[in-house]
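Chemist: could you look at this predicted model? Sequence included:
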Amino acid sequence: MIPFFVLDRPASLEILLGFFLDHPKLNFGVMTHANVSKRFVDLFREYPYTIPVKYYDRTVSKKDLNNIKNNLTRISDSGAFQKNSVVHPYDQLFQKYVDLKVDYGIINDVLSDYKKTVKSAEEAINYYDELKFKQKFNLMGVAQGTTTEEYCKCYEELLDMGYEHIAIGGLLKRSGESNYYKINSETRMKNIVTSIKEKYGPEKLFTLGIYNPGRHEMLEELDIWGADYKGWLFHYDEFYFTSKELLKKSGRYNRTIARAYNNFMKCKSNFIENKSQENREIFSKSKKSLDESLNSIGTSLQEFRYREVRNTLEKKIASKMTCEGVEKPIFDVESTVLESL
C-alpha cells in the first residue's frame, strides 16, 4: 500500500526529501493539483533533483536521488475540490498534467453523482485519445455514487469506455464548516472497495483522500494500491517538544533559548485559548523571538518544523511499511553537503 502525500508548496517537497532519503527501498507517492504555481510545476516535474537538501545529516549523492525518483509515483487531480479552485477544460487540464510530468492524471469527477461523473469521464477519454495524450501520462477515472450499487455501476461504465485505471472517490464528508474531511463510514468504505475488488479485480485500486496512519493496516488488508494523505503536515508535534529535547541533549539549549521557548509556549497557549488579533500579534512576536534565538546557535524554527514532521512520518508511517525504522538523532554535528551532480 503506497501512501501519497498531498502537496502544493515547495517547502513540502523539501520536508519529504529528507524523509524519502532515509527509505530508498520503499515506494511512496506524491499528489498535487492542476492549480499550482508555475514555480511549483518546475520543481515538481524534476523532483527530487530540483530541491535543495535541507536539514539532513549525511552527504547525498546522485544515486540517492535516483533511488527516490525510481520509487516515487506522481499523481495530479484537477484541483476542482480546492478552495477558490478553477475547473479547466480537458485540453488545458491534460496539458497541465504533461507540464507536471505526472504518472497519472485524474479526471474531473462530481462528488456523489455517478451520472455526471460518467459524462465527464466520457468527455475526458475522448480528449485523451483524440489529442494523443496516452504516451504522456495515464488517465485515471473516478468512480462516484451514493450506494455500493451506484459505485459498481459507475466503475463498470468506466471500464466499458476503456479506462484502465480507476480511483474511488466520495468516501469522505466535510467536518462541520471546516475545510477538513473525515471518512463517511469505514464499514461503507469497506463494502464499496470489497464489492469492486470482487466484481472487477483491479490490479491497482486508488482510494481518494482516505489515507491516515491509523488506517494503514486496514488499507493493506483491503489490498488498496494507494491512497492520498492530506493531513500529514498537520499531524506532528506543533510545540516542538521532540526538537527541544534533542537540542538539550546536543548541549546547545541555553538560557536565552529556554526563555524564548517558554514565552513562545505561553503566547501560543493564550492564542489557542483566545484567537484575538492582539493575541495573534503577541504570538507572532514570540515566534520571531524564538527563531532569532535559534538562529544564534545555527538552527531555526524552520529546521525544527522540518525535522519534527520527518520524525513523525518515521514513527507513524515508515514504521508500518518496514520492520526497521531509521533511528538517529535529529540534530547531528555536521550539516548535509550535497555532492556535485
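Modeler: Looks like it came in fine. On a predicted model such as this, the values are computed, not experimentally measured, just so you know.
Chemist: what strand or helix carries residue 73?
Modeler: strand 72-77 (DSSP states H and E).
Chemist: which other residues reach that strand?
Modeler: Contacts to strand 72-77, defined as Cβ atoms under 8 Å, 6 or more residues apart in numbering, come from residues 2, 4, 20, 27-34, 44, 47-48, 96-97, 100-106, 140, 206, 208, 226, 228. C-betas here are computed from N, CA, C, even on glycine.
Chemist: distance from the chain centre to it, please.
Modeler: Taking Cα atoms, centre = their mean, to the nearest Å, the mean C-alpha location of strand 72-77 is offset from the chain mean by 10 Å.
Chemist: which is the succeeding secondary structure element to it?
Modeler: For strand 72-77, the succeeding helix or strand toward the C-terminus, using DSSP H and E, is helix 90-100.
Chemist: same question for that next one, mean pLDDT?
Modeler: Helix 90-100 carries an average pLDDT of 97.
Chemist: run through who's touching it.
Modeler: Helix 90-100 is contacted by residues 32, 34, 36, 41, 44-45, 74, 76, 78, 88, 105, 108, 123-124, 127-128, 131, 133, 136-137 when judged by Cβ under 8 Å, 6+ apart.
Chemist: ranges for the helices of the stretch 101-250 of the chain?
Modeler: With DSSP state H, counting those that start in this stretch, the ranges of helices along the stretch 101-250 of the chain come out as 114-130, 148-161, 186-200, 216-221, 241-249.
Chemist: lowest mean pLDDT across the ones you listed, which one is that?
Modeler: Looking at the helices of the stretch 101-250 of the chain, the bottom one is helix 241-249 with a mean of 88.
Chemist: and that helix, what other elements does it pack with?
Modeler: On a contact count with 3 or more Cβ pairs under 8 Å, 6 or more residues apart in numbering; DSSP states H and E, helix 241-249 meets helix 301-313.
Chemist: buried ones in the helix it packs on?
Modeler: Applying a neighbour-count criterion of 16 or more other Cβ atoms under 10 Å, one finds 301, 303-313 buried in helix 301-313.
Chemist: for stretch 27-47, same thing?
Modeler: Across stretch 27-47, burial judged by 16+ other Cβ under 10 Å covers 28-36, 40-41, 43-44, 47.
Chemist: next one: stretch 227-241
Modeler: For stretch 227-241, by 16+ other Cβ under 10 Å, it's 227-230, 232-233, 236, 240.
Chemist: would you mind giving those residues as a markdown table with distance to residue 272 and pLDDT added?
Modeler: Listed next are these as a markdown table, based on distance: Cβ to Cβ, whole Å; pLDDT from 0 to 100:
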| residue | distance to residue 272 | pLDDT |
| --- | --- | --- |
| 227 | 30 | 97 |
| 228 | 28 | 96 |
| 229 | 24 | 95 |
| 230 | 22 | 91 |
| 232 | 21 | 93 |
| 233 | 18 | 86 |
| 236 | 16 | 70 |
| 240 | 15 | 89 |
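Chemist: which of the residues you listed sits closest to residue 281?
Modeler: residue 240 (20.8 Å; Cβ to Cβ).
Chemist: minimum distance to residue 266: which of the helices of the stretch 101-250 of the chain has it?
Modeler: Residue 266 lies closest to helix 241-249 among the helices of the stretch 101-250 of the chain, at 14.5 Å (Cβ to Cβ).
Chemist: break this protein into its domains for me.
Modeler: Split into domains by automatic domain parsing, the chain comes to 2-229, 253-298.
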